[in-house]
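Q: need coordinates for the following:
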Amino acid sequence: MLGAAPGVGKTYAMLEEGKRLKALGKDVVVAVVETHGRAATAALLEGLEVVPRVTVEHRGVELTELDLDAVLARHPQLALVDELAHTNAPGLRNQKRWEDVEAMLAAGIDVMSTVNIQHIESLNDVVEQITGVQQRETIPDAVLRRADQIEVVDLAPQALRDRLAEGVVYPAARVDAALSNYFRLGNLTALRELALLWLADEVDSALQKYRAEHGIAGKWEARERVVVALTGGPEGETLLRRGARIAARSAGGELLAVHITSQDGLRDAAPGALAAQRALVEQLGGSYHQVVGSDIPRALVDFARGENATQLVIGVSRRSRLVALLTGPGIGSTVIRESGDIDVHIVSHSRAGGRFSLPRPRGGLTVRRRVYGFLLALVGGPLLTLLLVTMRSGDSMTADVLSYQLLVVIVALVGGIWPALFAALLSGLTLDYFFVAPLYTITIAEPLHLVALVLYLVIAALVSLVVDQAARRTRAAKRAAAEAELLATVAGGVIRGEDALQALVTRTREAFGLTGVRLFAGDEVVSTDGEPADPSHTHRIPVGDRGTLELSGRDLEAADRRLLAAIVAQLDAALEHRELAATASELAPLAETDRVRSALLAAVGHDLRRPLAAATAAVTTLRQTDVALSDADRETLLETAEVSLHGLATLVTNLLDVSRVEAGVLGVSLAPTEIDDVIPPALDELGLGPAEVALDLADDVPPVLADGVLLQRVLVNLLGNALRFSPRDRPPVIAASEFGGTVQLRVIDHGPGIPGERREAVFQPFQRLGDTDNDTGIGLGLALSKGFAEGMGGTLEAEDTPGGGLTMVVSLPAAPDRTEGQR
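A: Okay, the predicted model is just below:
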């Protein structure tokens, strides 16, 4: 039974399973069980045979331990052994309890045991980082991995804290310290995740072993495993980040990066780029692998199958169509064909044209296509002539003309109008020379043949023109679609919460194929993407009256500038929005100040009037000569005036302190301060005796780094609130403990508590829980206490008291050890 922390129910689950197996007829004994005083756990022992423990004396103390010899002599089918990581008392056969278990297993006795995740040796340092507590009782990983079955006893962190608060796990005296230290919600959540991940890895290892033993080669999609193929090229970072996002879509997804090296070691790969990509893999939580193979696609697919990968990410090929035509299918095509049931993602990247790159506004067809057209005419014409000459006859003239017409159409489709006209002229001359009488001369004997040749050239020109116009319109449509995609992407990025300025600048560089783009607001660089090139190739474009856009790289053409004008307009609007947001943020403190001022005026009108009126009435009455006052009356009036004036003085002091806290000018003098030196003056200030407050101070609490005067005022405010709401029969408690270099001072009451939705509000100035009496004040105590605590580098938080009530927790850094500083 594996648990994330004490109290999740491991022992309870083990005993329940033991009773179930015994009911099925199995011989079960309890070798050792630690109930820790939990009645529910002790009740499960009824009906189970318990092997008596052996008593060992150590340093004058009698300890009871598991009696290994008695268990071996009893030789049951199953022994229940609690706390596998326990260290035995000196003098026993084995030092560790897990060694006793090994002896039982060697004797043929099955064992069911319990252990917490923090006791696994390989996780010891991780647990210490999470909890701040070093675990001294550990077991080797191999011991746990040899178990036939591992079951996680899982309990939600908040449910475990609730059990702790109810006193189910620890005695009431230890609950507060446990909740604030080891059993913090964050600690329990991290330990729970650690336990589940450790078990998931063990299950995965068992799955791999099963597949290997049974010769199963196909992938089992137990969880996502994403393999990213790296070539050492600049696209590697893009591929890795895409692979990490794919892996993160499912719980427990795993990222693996692999680089295939040729067997001769001559394949081009940049070592620096691979090293940087390997570092990125580790930052993304993945693993890096290097495989040697002559057939890269097959080696990549074999690696993916060996790792039981579910996804394979590769970059789009950088080869041109001509190279692909001459050399055959590339790695991507081969990987897709060989991958089988592994999903293959072919990811585009900047070296493959850029995701948002706009087509250049050139003519209808590119220069490359025109060159291909001329080459096709020069090569295809002679080959076609050679073929037709071998088949020449008196009736083949029509077929010869149509064949050359087909060649012209094909050249027009490939290279456009000029290669097609060249092909038409060349084919016309070839027809006249090889197929029109008289042969082998550039002479046309029949006028009809001349008309046919002219018509042939006209048809070729018209076909070429139609192809060229279609290509122009196609390119224009692609550019319009790219422009629309660019603007939609920018708008979508802003809607999704991306930085509008950064999104616009990034898309501008990608769309126009620039090396760098920077946006200036005055002399300040607001946003940048890419790297500036040679200053001679840098252009600046005004962005309204608010900034300047600097473009580095190629010169933009007229069609580019039209779209750039739209982007500049959006940049201007984004800069305006940025200025308005900055103005609004500057006005927010003023609005808050107005709110505080209004609350202060309301408080002055409501809370100052009563003590002022009481003090004025008392003094006025005392000054009257026509009224006979007894000594008791005079004493009462003087006491009323004194209490009222003292309250006014305290209130004015608090108001001044609040103003200092709000203005950030609170004077703090930090020094090592003993908690024991702060508590007595605070109790004296409140006039409290020993019976009115309970103290629970740990013996090893170190001094805190604090301002003694401010800490005393914090304690007075918190203790005053606790006294106000505590029942008469349950006085407030002051507790102190140290955990992970932080000292926690806890003021605990068992009153009505504070609803969860009001926890944060009570720390705001002028907040009170309902109307109060004359002595309550105007709701500054907790606000001041929080400000004082934070001014000393600490925190003040509110928690529920187990069993009902409120616990205020002051956390302050422990003072550094002077002896360590001297060393």
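Q: over to Ala42: give its phi and psi.
A: The phi and psi values for Ala42, taken as degrees, to the nearest 10, are phi -60, psi -30.
Q: what is the neighbour count of it?
A: 13 (other C-beta atoms under 10 Å). C-beta: built from backbone N, CA, C; applies to glycine.
Q: what's across from Val810 in the sheet?
A: Leu745, Leu796 (DSSP bridges).
Q: so for it, what's the pLDDT?
A: pLDDT for Val810: 90.
Q: so who does it touch?
A: 711, 714-715, 718, 744-747, 785, 789, 794-796 (C-beta atoms under 8 Å, 6 or more residues apart in numbering).
Q: buried among those residues? Make that a PyMOL selection.
A: One line in PyMOL is enough to select the buried members of the contacts of Val810, burial here meaning 16 or more other C-beta atoms under 10 Å:
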select buried, resi 711+714+715+718+744+745+746+747+785+789+794+796
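Q: surely Val526 is in contact with Leu501?
A: Yes - at 5.9 Å, Val526 counts as touching Leu501 under the criterion of C-beta atoms under 8 Å.
Q: next, Leu806: phi, psi?
A: The phi/psi pair for Leu806 (degrees, to the nearest 10) is phi -130, psi 140.
Q: what about the nearest residue to it once chain neighbours are set aside, neighbour count?
A: Leaving aside its sequence neighbours, Leu806 sits nearest to Gly753 (C-beta to C-beta, 6 or more residues apart in numbering; 4.7 Å). When neighbours are counted by other C-beta under 10 Å, Gly753 registers 16.
Q: can you tell me the SS state at Gly753?
A: Judged by DSSP: H, G, I helix; E, B strand; the rest coil, the three-state class of Gly753 is coil.
Q: what's it sitting at in phi/psi?
A: phi 80, psi -170.
Q: can you check Ala722 too?
A: phi -60, psi -40.
Q: for it, give its distance to Glu692.
A: Here Ala722 is placed at a distance of 11 Å from Glu692 (C-beta to C-beta, to the nearest Å).
Q: quick one: which of those two has more around it?
A: Set Ala722 next to Glu692 and count neighbours by other C-beta under 10 Å: Ala722 wins out with 24 against 15.
Q: most centrally placed residue in this protein?
A: By C-alpha atoms, centre = their mean, the chain has its centre lying nearest to Ala248, at 9.7 Å.
Q: give me the common contacts of Val526 and Leu501.
A: Leu519, Leu575, Arg578.
Q: tabulate those residues in a markdown table, adding columns for pLDDT, secondary structure and neighbour count.
A: A markdown table is the format used below for those (pLDDT from 0 to 100; DSSP: H, G, I helix; E, B strand; the rest coil; neighbours: other C-beta atoms under 10 Å):
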| residue | pLDDT | secondary structure | neighbour count |
| --- | --- | --- | --- |
| Leu519 | 86 | strand | 24 |
| Leu575 | 84 | helix | 21 |
| Arg578 | 81 | helix | 17 |
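Q: pick out whichever of those residues sits closest to Lys96.
A: Distance to Lys96 across these (C-beta to C-beta) is lowest for Arg578, with 63.7 Å.
Q: quick check, the closest one in contact with Leu501.
A: Yes - counting by C-beta under 8 Å, a contact exists between Arg578 and Leu501, whose distance comes to 6.9 Å.
Q: any shared contact partners between the two?
A: With C-beta under 8 Å, 6+ apart as the test, Arg578 and Leu501 both reach Val526.
Q: ok, now how distant is the residue lying closest to Ala156 once chain neighbours are set aside from Pro703?
A: Residue nearest to Ala156 in three dimensions, not counting chain neighbours: Arg192, with 8.0 Å by C-beta to C-beta, 6+ apart. Using C-beta to C-beta, Arg192 is found at 35 Å from Pro703.
Q: and the next helix or strand past the helix or strand harbouring Ala470?
A: Using DSSP states H and E, Ala470 sits in helix 447-495. Where DSSP H and E defines the elements, the next helix or strand beyond helix 447-495 is helix 500-512.
Q: what packs against that following helix?
A: On a contact count with 3 or more C-beta pairs under 8 Å, 6 or more residues apart in numbering; DSSP states H and E, helix 500-512 meets helix 447-495, strand 516-521, strand 524-530, strand 547-552, helix 558-603.
Q: what pairs with the second one, parallel or antiparallel?
A: Strands flanking strand 516-521 in the sheet, each with its direction: strand 524-530 (antiparallel), strand 547-552 (antiparallel) (DSSP bridges).
Q: tell me the most buried of these?
A: Most buried of the strands paired with strand 516-521, by mean neighbour count (mean count of other C-beta atoms under 10 Å): strand 547-552, with a mean of 20.
Q: contact partners for the residue nearest to Leu806?
A: Counting by C-beta under 8 Å, 6+ apart, Gly753 has contacts Asp800, Thr801, Gly804, Gly805, Leu806.
Q: which of those residues fall within strands?
A: Under the assignment DSSP state E, the contacts of Gly753 contribute Asp800, Leu806 to strands.
Q: farthest pair in the contacts of Gly753?
A: It's Gly804 and Leu806 that sit farthest apart of those, by C-beta to C-beta, at 9.0 Å.
Q: what do the two both touch?
A: Gly751, Gly753.
Q: neighbour count: those two, which is higher?
A: Leu806 (24 against 14).
Q: got the contact list for that one?
A: By C-beta under 8 Å, 6+ apart, the neighbours of Leu806 are Ala722, Phe725, Ile748, Asp749, Gly751, Gly753, Ile754, Ala798, Glu799, Asp800.
Q: for Val51, same thing?
A: Val29, Val30, Ala31, Val32, Leu66, Asp67, Ala70, Val71, Arg74, Ala79.
Q: now, of the residues you listed, which are buried?
A: Val29, Val30, Ala31, Val32, Leu66, Asp67, Val71, Ala79.
Q: mind putting these in a markdown table, distance to Glu224, secondary structure and pLDDT included?
A: Listed next are the buried ones among the contacts of Val51 as a markdown table, based on distance: C-beta to C-beta, whole Å; DSSP: H, G, I helix; E, B strand; the rest coil; pLDDT from 0 to 100:
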| residue | distance to Glu224 | secondary structure | pLDDT |
| --- | --- | --- | --- |
| Val29 | 45 | strand | 93 |
| Val30 | 43 | strand | 92 |
| Ala31 | 42 | strand | 92 |
| Val32 | 42 | strand | 91 |
| Leu66 | 44 | coil | 90 |
| Asp67 | 49 | coil | 90 |
| Val71 | 45 | helix | 92 |
| Ala79 | 40 | strand | 93 |
